[in-house]
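1. what follows is a protein structure lacking sequence information:
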């Protein structure tokens, strides 16, 4: 009978050692689960801004989202009025710095479809650093005066501020 108890105790000890050894290799030794860790650690920074046109000449809205990983700016918008006689008049949608100088002309990239004095909804992705456009010397301090404007036949018609928001 002693022989059976000794074999049983040895088998039990062997089983406990095997279980402890196998679980010690599969449990991570740090507090971070390796399955949750990504190959590359990236910090995503998005800048979001809107420009709302609401006056006697133009009514519409444009939104801008800058992605610092791909260095692109997504532009979305729509106008409901203001684009009259589009065959005679040439309209340009532009980004202006605080001094009023045109930094980027969006018209060619947007591919605007004019309907009933406005536009159909539009969207495009451009290679433009919108973060730098809204900042001073690449810092997050926002400028007063960065704007979106509409030029009619080469002359400024209206300009509204590009107001940063939170996406």
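-> Thanks, I have it. Keep in mind the model is a prediction, meaning the values are calculated, not measured. Numbers count the residues shown, from 1 in each chain.
2. contacts for stretch 58-78?
-> The contact list for stretch 58-78 (C-beta atoms under 8 Å, 6 or more residues apart in numbering) reads 42, 44-53, 79-83, 93, 106, 109-110, 118-131, 148, 150, 157-158, 162, 167. For every residue, glycine as well, the C-beta is placed using N, CA and C.
3. got the buried residues for that stretch?
-> 58-60, 62-67, 72-75, 77 (16 or more other C-beta atoms under 10 Å).
4. same check on stretch 80-89?
-> Here stretch 80-89 shows 82, 83 as buried, counting by 16+ other C-beta under 10 Å.
5. what does stretch 123-140 give?
-> For stretch 123-140, using 16+ other C-beta under 10 Å, the buried residues are 126, 128, 129, 130, 131, 133, 134, 135.
6. redo the residues you listed as TSV? Include secondary structure.
-> Converted to TSV, the buried residues of stretch 123-140 look like this (DSSP: H, G, I helix; E, B strand; the rest coil):
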residue	secondary structure
126	strand
128	coil
129	coil
130	helix
131	helix
133	helix
134	helix
135	strand
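7. which one in those residues is the model shakiest on?
-> Checking pLDDT across the buried residues of stretch 123-140, the minimum falls on residue 135 at 74.
8. and the longest helix belonging to the chain, what's buried?
-> Longest helix in the chain, counting residues (DSSP state H): helix 2-26. Using 16+ other C-beta under 10 Å as the test for burial, helix 2-26 gives no buried residues.
9. now do stretch 106-118
-> Of the residues in stretch 106-118, those buried (16+ other C-beta under 10 Å) are 106, 109, 110, 112, 118.
10. by contact count, what packs against the host helix or strand of residue 92?
-> Assigned by DSSP states H and E, residue 92 belongs to strand 91-96. Judged by 3 or more C-beta pairs under 8 Å, 6 or more residues apart in numbering; DSSP states H and E, the packing partners of strand 91-96 are strand 102-105, helix 107-110, strand 147-152.
11. next, the angle strand 147-152 makes with it.
-> Between strand 91-96 and strand 147-152, the angle comes out at 150 degrees (axes from the mean of the first three to the mean of the last three C-alpha atoms, to 10 degrees).
12. sheet-wise, list the partners of strand 91-96 with their directions.
-> Partners of strand 91-96 in the sheet, by DSSP bridges, are strand 102-105 (antiparallel), strand 147-152 (antiparallel).
13. quick one, which of those strands is packed in tightest?
-> Ranked by mean neighbour count, these are led by strand 147-152 with a mean of 20 (mean count of other C-beta atoms under 10 Å).
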